[in-house]
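A.B. asks: sequence below, structure please.
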Amino acid sequence: MRQLLEARNRTLLRNLEELIHSLASANIPRELEPYRHRILSVCRQLRDTVNRNMIDLALGQDQILEDVLSNTQQVMQYVRLLSTRLASPVLRASSTDRLSLATISWLHRQTTITISIPAAFTDGDCSIWPFLDIAPIYFFPCIEQRGLLYQPLLFHEFGHLLYVTYRQEMDDLVGDLQREVEEVLMPLSQRNDRHADVQAAQRQVIVDTWYAWAQEIFCDAVGLTIGGPCFLRAFSGYLGTMQRGDFYRQPSDLRYSEHPVTWLRVRLLTEHARRAGFAELANEVEGEWRVVAQTMGVAEDYHGFYDEALEGAVMRTIDDMLTEAGPRRCTESEARGVGWDTQSDAIVALSNHAWEVYKSDPGRYAEWESEALRRFLA
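C.D. replies: This next block holds a predicted model:
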């Protein structure tokens, strides 16, 4: 066992030395420097643990092998994590990352509980890995990360970070919603037979599914709260693939799914937008989705996973979650998108202005955006 542990720790030491060298020598944007500093600190701590393992193994005492094994297992898990996820934002970094890093940094500065978290992201579909022990990593598509129009999608992912930060409070609120979902689905009269057992099992599946759905709907609301109109436009534009899957999914696909049907998310989000004072935009977006649905002949059917009677409970729960998390709210001037103060670092004002420019004159948008980004990142 000692020889096996020695061999494994030598390999770990070699891998960590190589990783430290690669991270330290990588050419990265300055906005990524705090994240690199944190990851390098983790690597050096792991290297120290491996060196202690080697010293302990050299003592030749069998009674310490169990402790060395435990330490080795832990280091192996972290090194695998570094290799597959945590090192990627640094090792793949490029100068074009500055905009998305600036967006994430700005988001983190808006709440005291996230202000010390460094910004990091890598390529991928919009998502986040909210790993609080070291640092969360955002995932963002290659094309969208280079321009202004879809930066607001990161506001939704920030919502997931807020959720895990306030997990106990959030889970309690979602649990209350799940109980309301169950009450709405409960039949007035109940049978005591095999059919009743099947119905009860299906209700439980729906109730369990709403744990993930509530989180996604909350994060949509966080995005709207922070970004206002620019988030609703980005959300609709990015998620609207104009395919049947946007509007309808089979019951088997809904069971324990992580995301509600996109059309349901749009409906709830536009209702939030109306309540926030963006009724005209909400009607515009919802109208576009209805046109696509009618053209494809798709009828709403959530197979019991959603009922109109749930809307009040869902909206009330999301409002309570927003109150608990306290995301920064888009101001009226930022929402209007009529201009942008070059002295401000608020990506919200610039994103809303970008959408107004894009809508008014799509042909000149690319040229305008290039100059706006140069000034913003200067």
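A.B. asks: before we move on, which element is residue 160 in?
C.D. replies: Applying DSSP states H and E as the criterion places residue 160 in helix 153-165.
A.B. asks: name the residues of the helix or strand residue 333 falls within that come out as buried.
C.D. replies: Assigned by DSSP H and E, residue 333 belongs to helix 332-336. Residues of helix 332-336 classed as buried: 334, 335 (neighbour count, 16 or more other Cβ atoms under 10 Å). For every residue, glycine as well, the C-beta is placed using N, CA and C.
A.B. asks: that one packs against which elements?
C.D. replies: Where contact means 3 or more Cβ pairs under 8 Å, 6 or more residues apart in numbering; DSSP states H and E, helix 332-336 is packed against helix 347-360.
A.B. asks: part of a strand, is residue 249?
C.D. replies: No: secondary structure of residue 249 (DSSP: H, G, I helix; E, B strand; the rest coil): coil, not part of a strand.
A.B. asks: what's the burial count for it?
C.D. replies: 20 (other Cβ atoms under 10 Å).
A.B. asks: what's near enough to touch it?
C.D. replies: Shown in contact with residue 249 (Cβ atoms under 8 Å, 6 or more residues apart in numbering): 257, 261.
A.B. asks: could you check the pLDDT of it?
C.D. replies: Listed pLDDT for residue 249 reads 95.
A.B. asks: state the distance from it to residue 59.
C.D. replies: 60 Å (Cβ to Cβ, to the nearest Å).
A.B. asks: picking that back up, any idea of the mean pLDDT in the helix holding residue 333?
C.D. replies: On average, helix 332-336 scores 93.
A.B. asks: and stretch 113-127, by the same measure?
C.D. replies: Mean predicted lDDT for stretch 113-127 stands at 96.
A.B. asks: can you pull the buried residues of that stretch?
C.D. replies: Under 16+ other Cβ under 10 Å, the buried positions of stretch 113-127 are 114, 117, 118, 119, 120, 121, 122, 126.
A.B. asks: then stretch 267-280 to PDB, C-alphas only?
C.D. replies: Output in PDB follows, covering the C-alpha atoms of stretch 267-280 (Å, rounded to 0.1, in the frame of the first residue of the first chain):
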ATOM      1  CA  ARG A 267     -45.500  33.500 -20.100                       C
ATOM      2  CA  LEU A 268     -44.500  33.900 -16.500                       C
ATOM      3  CA  LEU A 269     -41.600  36.200 -17.300                       C
ATOM      4  CA  THR A 270     -43.800  38.500 -19.400                       C
ATOM      5  CA  GLU A 271     -46.300  38.600 -16.500                       C
ATOM      6  CA  HIS A 272     -43.400  39.700 -14.200                       C
ATOM      7  CA  ALA A 273     -42.500  42.300 -16.800                       C
ATOM      8  CA  ARG A 274     -46.000  43.700 -16.800                       C
ATOM      9  CA  ARG A 275     -46.000  44.000 -13.100                       C
ATOM     10  CA  ALA A 276     -42.600  45.800 -13.300                       C
ATOM     11  CA  GLY A 277     -44.000  48.400 -15.700                       C
ATOM     12  CA  PHE A 278     -42.900  46.900 -19.000                       C
ATOM     13  CA  ALA A 279     -46.400  46.000 -20.300                       C
ATOM     14  CA  GLU A 280     -45.800  47.200 -23.900                       C
END
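A.B. asks: now tell me what touches that stretch from outside.
C.D. replies: Residues contacting stretch 267-280 (Cβ under 8 Å, 6+ apart): 217, 220-221, 224-225, 228-229, 232, 235, 281-283, 285-286, 311, 314-315, 318, 335.
A.B. asks: for stretch 104-122, same thing?
C.D. replies: 31-32, 34-35, 37-38, 88-90, 92, 97, 100-102, 135-140, 145, 154-155, 158, 161-162, 165, 226, 326-328, 345-347.
A.B. asks: buried ones only from the residues you listed, please, as a PyMOL command.
C.D. replies: In PyMOL, a selection of the buried entries from the contacts of stretch 104-122 looks like this (16+ other Cβ under 10 Å):
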select buried, resi 31+32+34+35+38+88+89+90+97+100+101+102+135+136+137+138+139+140+145+154+155+158+161+162+165+226+327+328+346+347
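A.B. asks: just the contacts of stretch 104-122: which are in strands?
C.D. replies: Mapping the contacts of stretch 104-122 onto strands (DSSP state E) picks out 137, 138, 139, 140.
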